[in-house]
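>>> Sequence and predicted structure are below.
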Amino acid sequence: MSDRLRMTGLASGMDTQSIVEQLVEVKSYKKTDLINEQTKLGWKQEAWKDLNKKMYSFYTNKLGEMRFEDFFNKKSANIVDSSIAKVSAEGNAVNGTQSLAVKQLAKTQYITSKSYGDDITGKSTVAEAMPDLEIPKTLSVNGRTIEITDTTTMKELAEGFAAAGLNASFDDKTHRLFISAKESGEAGKFEIKQLDGEGNATDASALLKTMGLSEKGGASVIDGQDAKIILNGAEFTSSTNNFSVNGLSITATKESEKTGEDKYVTTNVSVDTDIDGIYDAIKDFFKEYNDLINEMAKLYNADSARDYKVLSDEEKDAMSDEEVEKWEAKIKDSLLRRDDDLGTALEMFKSGMMASFETDGKKFSLASFGMGTLSYLEAAENERYAIHIDGNKDDDTTGSKEDKLRTAITNDLDSVKGFFTKLSGDIYKTMTKQMSRTEYRSIYSMYDDKALQNEYDKLTKDIEKEEEKLSDYEDKWYDKFSKMESAMEKINSKSNSIASLLGMNG
């Protein structure tokens, strides 16, 4: 709208500004319709973005994972003596019973110094804490030197060990120096040496005793060592207490009892196919699928909101926040009703789940494993595409039926693998094609997002054009009233002149 200064109504006494505003308001219905249309389109874009995010998540996670046999390669591991180790099995673990003994646990090298006295803190000098130590001294740890002078404090000494790659601190409460390796096992071991005047490393045992950093000096010392286990007669070493051997993950927790020279009490570890794990993985897959397909059906079959228009600011002011929210929710819930892209996606999933595939010369479908949709009368509204599993105790409608899926997993796992990898792979392939980049949609989009954005941008331009038209329309009326005012001013001026000549002004 034009923002130029307008002086109107002076001659006529008319409120021309109010009149023009009313004329423009009557004329602005088209702009209002465009703004409302754009608002609804923006809501539709958000609705599709939210749904597309869920569809893409299903595509990349559950659907993508089920395409591969690793999805079904689940093993369970049990150990007789759980006090010595915790065990779990990966998909490539060999079924059967194995023997296990823990020869030794991993340790981190640790030095806890003697107490240097109640009056010694991190601010105390080394000379005060260690009066028998000849200063200056130069230590060497992991190739890094630590200089000790008359002014070196205990805190600075700890910082020197830390700079050499160790964990180190001085505790004011216990008045002790704590030094440890950053890694457990042999790899983390360190050695403190002293350097002579020529920089040569010499034995530091006497020095460490004087410094209170050896067992002979009142310190507590733990040597670093690797963990060792004996699995099926073979010895394995690790710098930590964690081992990964032939599909088994083992965490050693206690050393086995020794029965002789390098002989230990063994315990059995049994590995088997994890029937429950595979069943739950398939059940979880269809739970996520059902949540997605039910939401899609709900959006597609939503009630019409044709009688609900986007509220104006004046209409919102006359309603409570809750009333406005419910009104707009009615519109938003209907935005994908009978949407073409959504209908295509629904049909894609529906037909994909009805497919049959051949495995080892036999043809299988979901029905072969006691799975499928409910009848029209059994299914809840907007849940007619959901897949139910017979015998699933979490399903009130089919939980009491024969559990064909678990039986198949137990007795014919290869057929289960073959069918479900092909089923998921086929749907994955179809989704990949649907989400290909086109003129109208971006890659990994199940709807024409580009087309919607182009439509939104076009509405922006149309609104701008309407605003220009309204501005011109407003200017036109102001110009007319301005001319009228000018004409009336001339008439008034002439009238006054005549009245003056006739002596009528006095």
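Yes, it's here.

>>> list the contacts for residue 170?
121, 122, 154, 155, 157, 158, 176, 177, 178 (Cβ atoms under 8 Å, 6 or more residues apart in numbering). Heads up, the C-betas are built off the backbone N, CA and C, glycines and all.

>>> of those, buried ones?
Among the contacts of residue 170, those buried by neighbour count (16 or more other Cβ atoms under 10 Å) are 121, 122, 154, 155, 157, 158, 176, 177, 178.

>>> Across the sheet, point out what pairs with the last one.
Applying DSSP bridges to residue 178 gives these bridge partners: residue 112, residue 169.

>>> which residues sit in contact with it?
Per Cβ under 8 Å, 6+ apart, neighbours of residue 178: 110, 111, 112, 113, 158, 167, 168, 169, 170, 171.

>>> Buried ones only from the residues you listed, please, as a ChimeraX command.
Per 16+ other Cβ under 10 Å, the buried members of the contacts of residue 178 correspond to this ChimeraX selection:
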select :110,111,112,113,158,168,169,170,171
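
>>> Dump the contacts of residue 178 to JSON lines, plus pLDDT.
Listed next are the contacts of residue 178 as JSON lines, based on pLDDT from 0 to 100:
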{"residue": "110", "pLDDT": "97"}
{"residue": "111", "pLDDT": "98"}
{"residue": "112", "pLDDT": "98"}
{"residue": "113", "pLDDT": "98"}
{"residue": "158", "pLDDT": "98"}
{"residue": "167", "pLDDT": "98"}
{"residue": "168", "pLDDT": "98"}
{"residue": "169", "pLDDT": "98"}
{"residue": "170", "pLDDT": "98"}
{"residue": "171", "pLDDT": "98"}
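
>>> pLDDT at the spatially most central residue of the chain, what is it?
Geometric centre of the chain, nearest residue: residue 57, 10.7 Å, by Cα atoms, centre = their mean. Per-residue confidence (pLDDT) for residue 57: 98.

>>> Just to be sure, it is in a helix?
Yes - secondary structure of residue 57 (DSSP: H, G, I helix; E, B strand; the rest coil): part of a helix.

>>> what's the distance between the nearest residue in space to residue 126 that is not next to it in sequence and residue 138?
Spatial nearest neighbour of residue 126, chain neighbours left out: residue 152 (4.9 Å); criterion: Cβ to Cβ, 6 or more residues apart in numbering. Distance, residue 152 to residue 138, by Cβ to Cβ, to the nearest Å: 11 Å.

>>> ditto for residue 258
43 Å.

>>> Which of the two has more residues huddled nearby?
Neighbour totals were compared for residue 258 and residue 138, and residue 138 leads with 16 against 12 (other Cβ atoms under 10 Å).

>>> Now do the SS call for that one.
Assigned by three-state DSSP, the conformation of residue 138 is strand.

>>> Now distance to residue 411 and secondary structure too, for the contacts of residue 170, in a markdown table please.
Formatted as a markdown table, the contacts of residue 170 follow (distance: Cβ to Cβ, whole Å; DSSP: H, G, I helix; E, B strand; the rest coil):
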| residue | distance to residue 411 | secondary structure |
| --- | --- | --- |
| 121 | 72 | coil |
| 122 | 69 | coil |
| 154 | 70 | helix |
| 155 | 69 | helix |
| 157 | 69 | helix |
| 158 | 64 | helix |
| 176 | 64 | strand |
| 177 | 65 | strand |
| 178 | 59 | strand |
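
>>> How about the backbone phi and psi for the residue lying closest to residue 103 once chain neighbours are set aside?
Spatial nearest neighbour of residue 103, chain neighbours left out: residue 228 (3.9 Å); criterion: Cβ to Cβ, 6+ apart. Main-chain torsions, residue 228, degrees, to the nearest 10: phi -140, psi 130.

>>> Next, count neighbours for residue 228.
Neighbours around residue 228, by other Cβ under 10 Å: 18.

>>> what's near enough to touch it?
102, 103, 104, 235, 236, 237, 238.

>>> ranking those residues by neighbours, who comes first?
Going by other Cβ under 10 Å, residue 102 tops those with 26 neighbours.

>>> residues contacting it?
Applying Cβ under 8 Å, 6+ apart, the residues contacting residue 102 are 84, 85, 227, 228, 229, 252, 253, 254, 255, 256, 264.

>>> Surely the last one and residue 233 touch.
No - in this structure residue 264 lies outside contact range of residue 233 using Cβ atoms under 8 Å: 11.2 Å.

>>> Show me which of the two is the more surrounded one.
Ranked by neighbour count (other Cβ under 10 Å), residue 264 and residue 233 place residue 264 first, with 19 against 9.

>>> what's across from the more buried one in the sheet?
Following DSSP bridges, residue 264 is listed with bridge partners residue 258.

>>> Contact partners for it?
101, 102, 103, 230, 256, 257, 258.

>>> Can you mark which positions in whichever strand or helix holds residue 326 are buried?
Using DSSP states H and E, residue 326 falls within helix 321-333. By neighbour count on 16+ other Cβ under 10 Å, the buried set for helix 321-333 is 327, 328, 331, 332.

>>> Quick check: the gap between residue 55 and residue 242.
Distance from residue 55 to residue 242, by Cβ to Cβ: 38 Å.

>>> ok, back up a step: just the closest of the contacts of residue 170 to residue 471, please.
residue 155 (74.9 Å; Cβ to Cβ).

>>> ok, that closest one touching residue 126?
No - here residue 155 lies out of contact with residue 126, judged by Cβ under 8 Å, at a distance of 10.2 Å.

>>> now the helices: where do they sit in the chain?
Applying DSSP state H to the chain gives helices spanning 16-27, 29-58, 64-66, 126-129, 154-163, 205-210, 275-300, 313-317, 321-333, 340-353, 404-411, 413-434, 449-501.
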